[in-house]
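# From the sequence below, what's the structure:
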Amino acid sequence: MPGGRLTQQDRQKIALGLADSLPYAEIARRLDRPTSTITREVMRNGGPTAYRADLAHRATERRAHRRRQAVPREQGAPVQGHGRDAEAVREYEEAFTTLLMQQGMPKMTARVLTCLFIADAGSLTASELVQHLQVSPASVSKAIAVLEAQGLIRRERHERRRERYFVDDDVWYQSTIASARGIAQVAETARRGVGILGRDSPAAVRLENIARFSDFISESILRATEQVREVLYTKPEASSGGTATPGSDHG
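Model prediction:
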């Protein structure tokens with residue numbers, strides 16, 4: 001039924017749609033489902049080139065069984081408190097993970113980062129991540145290493161020499177800055193090739209266009225990011241009457 005869980009027949013139709021190179025939106029329309037449901041189903045079961053209906057159905061049944069058998073989560077797990085609907089949080093977590101995977105992030109790395117994003121404290125230990133995700137410590141450790149290398153998380157050592165992994169509130173600012181700098185490096189490398197290949201050669205013209213485009217994008221991102229950060233992270237000042245005002249210039 002529309003809105004319910006996917007059946008094995010639904011998954012067979014998804015597999016046929018993928019074999020016919022149909023976009024997710026068209027497959028979703030034929031099944032009367034949200035496009036996000038189809039996207040999430042495919043991405044967590046091998047992707048569009050490796051999706052198999054029978055394997056996907058068995059994997060879903062195994063995940064459901066593990067959730068039923070799972071022990072209560074430790075205090076500090078990201079879905080407790082505030083009167084939240086645990087099922088809604090789980091579905092949101094999967095949707096966010098799928099989005100990160102679509103943007104090129106490996107599955108386990110995306111799962112770990114999403115856990116940290118939705119944790120109220122913005123931090124979890126390795127054991128909390130292992131328990132919540134039901135994966136091996138080695139899988140979490142590899143994901144943590146990737147996220148650290150990208151500057152998306154940091155680690156601190158706390159009680160009993162236990163490490164906690166943090167995402168800061170401005171993590172997306174830092175990530176965007178890093179991305180803009182990476183684009184600037186593309187521009188620099190492309191422009192270096194112009195002199196090597198000969199300025200009037202077709203390849204050099206192509207590289208010069210890449211460099212100019214990358215320069216413009218990098219500078220625009222950096223400028224916009226700093227402007228947005230100034231707006232979002234500037235706390236309004238309180239007036240003498242105790243009410244907040246948007247800035248110091250009161251006219």
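
# hey, where'd the strands end up in the stretch 1-150 of the chain?
Applying DSSP state E, counting those that start in this stretch to the stretch 1-150 of the chain gives strands spanning 123-125.

# Next, the buried residues of stretch 217-231.
Across stretch 217-231, burial judged by 16 or more other CB atoms under 10 Å covers Ile217, Ser218, Ile221, Leu222, Thr225. In this view, the C-beta of every residue, glycine as well, is placed from N, C-alpha and C.

# nearest spatial neighbour of the residue nearest the centre of the chain, skipping sequence neighbours?
By CA atoms, centre = their mean, the chain has its centre lying nearest to Leu100, at 3.1 Å. Closest residue in space to Leu100, ignoring its immediate chain neighbours: Ala110 at 3.7 Å, by CB to CB, 6 or more residues apart in numbering.

# burial of that neighbour, as a residue count?
22 (other CB atoms under 10 Å).

# Could you report the distance from it to Leu116?
11 Å (CB to CB, to the nearest Å).

# The buried residues of stretch 217-231 in helices, which ones?
Ile217, Ser218, Ile221, Leu222, Thr225 (DSSP state H).

# out of those, who's nearest Val186?
Ser218 (8.3 Å; CB to CB).

# Including distance to Ala88 and pLDDT, could the ones in helices among the buried residues of stretch 217-231 go into TSV?
Output for these, formatted as TSV (distance: CB to CB, whole Å; pLDDT from 0 to 100):
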residue	distance to Ala88	pLDDT
Ile217	37	95
Ser218	39	94
Ile221	33	93
Leu222	37	92
Thr225	32	88
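
# what residue ranges in this protein are flagged as low confidence?
1-3, 63-82, 159-161, 233-251 (pLDDT under 70).

# okay, now the domains of the protein?
8-69, 86-166, 171-233 (automatic domain parsing).

# you'd agree Arg154 is up against Asp170?
No: judged on CB atoms under 8 Å, Arg154 makes no contact with Asp170 at a distance of 11.9 Å.

# At which residues are the helices of this protein located?
Using DSSP H, helices in the chain cover 8-19, 24-31, 35-43, 53-69, 86-102, 107-118, 126-133, 137-149, 171-197, 202-233.
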